[in-house]
Structures are given as C-alpha cells and as structure tokens.
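Chemist: What follows is a predicted structure for the sequence shown.
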Amino acid sequence: MGTTISVYVDGMMDINTATISDLIQIPGIGEMIAHNIVAYRENNGPFNTVNELLQVEGIGEGRLSTLLEYVTVSGG
C-alpha cells in the first residue's frame with residue numbers, strides 16, 4: 001500500500017504538492033505558468049507562503065490576486 005500525497009488542503013490546491021496537470025486546472029494558470037511553478041519549487045524547495053509565487057516567472061500581483069482563492073501551501 002503506497003502513500004498518497006494530498007494535493008488539496010481545506011479545499012484549496014497545495015502548490016507544494018501539485019503537479020503541472022493539477023495546476024493547469026486552476027483558472028489563470030496555463031501549462032507554461034504551471035511548469036514555471038513546479039520548476040521554481042524544484043530549484044528552490046517548497047514554497048513558504050503563497051506570496052512567494054511572485055518569484056515565479058509569469059506571476060505578478062494581478063495574477064497572484066486571482067490565485068489566492070484557489071491555492072495554499074503546506075509543509076511540502
């Protein structure tokens with residue numbers, strides 16, 4: 001029996017465990033942004049806060065504000 005990592009925490013997508021396929025289901029995130037999120041996480045470790053998404057190429061204040069209702073971070 002394997003371990004399952006939950007992508008959702010309290011109904012919000014956990015950007016520390018979400019895959020590209022998971023992320024593209026969020027409004028405002030296409031394949032390129034999803035790839036950038038995963039690449040950033042792989043290069044820098046888990047996100048500490050959702051606001052850290054501002055460090056990801058292609059995510060600015062406007063996009064972040066629309067994502068806040070959909071994403072969260074866990075211990076990763």
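Modeler: Yes, it's here.

Chemist: who's in contact with the residue positioned nearest the centre of the chain?
Modeler: Geometric centre of the chain, nearest residue: residue 15, 2.8 Å, by CA atoms, centre = their mean. Taking CB atoms under 8 Å, 6 or more residues apart in numbering, we find residue 15 in contact with 23, 37, 41, 47, 50, 53, 71, 72, 73. Where you see a C-beta, it was placed from the backbone N, CA and C, and this is true even at glycine.

Chemist: Return the member of those residues nearest to residue 59.
Modeler: Lowest distance from residue 59 to these (CB to CB) belongs to residue 53, with 4.9 Å.

Chemist: Determine the number of other residues adjacent to the closest one.
Modeler: Residues contacting residue 53 under the criterion other CB atoms under 10 Å number 23.

Chemist: now residue 35
Modeler: Residue 35: 17 neighbours (other CB under 10 Å).

Chemist: Same question for residue 63.
Modeler: 15.

Chemist: follow-up on the earlier one: gap between the residue nearest to the centre of the chain and residue 60?
Modeler: Per CB to CB, to the nearest Å, residue 15 is found 16 Å from residue 60.

Chemist: ditto for residue 21
Modeler: Going from residue 21 to residue 60 by CB to CB gives 24 Å.

Chemist: re earlier: could I get the contacts of residue 15 as CSV with secondary structure and distance to residue 7?
Modeler: Below are the contacts of residue 15 laid out as CSV (DSSP: H, G, I helix; E, B strand; the rest coil; distance: CB to CB, whole Å):
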residue, secondary structure, distance to residue 7
23, helix, 9
37, helix, 13
41, helix, 13
47, coil, 14
50, helix, 15
53, helix, 16
71, strand, 11
72, strand, 11
73, coil, 12
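
Chemist: between those residues, which is nearest residue 11?
Modeler: Of all the contacts of residue 15, residue 11 sits closest to residue 72, with 9.0 Å by CB to CB.

Chemist: Pairing partners for the nearest residue to the closest one once chain neighbours are set aside in the sheet, please.
Modeler: Nearest residue to residue 72 in three dimensions, chain neighbours excluded: residue 12, at 4.1 Å (CB to CB, 6 or more residues apart in numbering). Beta bridges link residue 12 to residue 9, judged by DSSP bridges.
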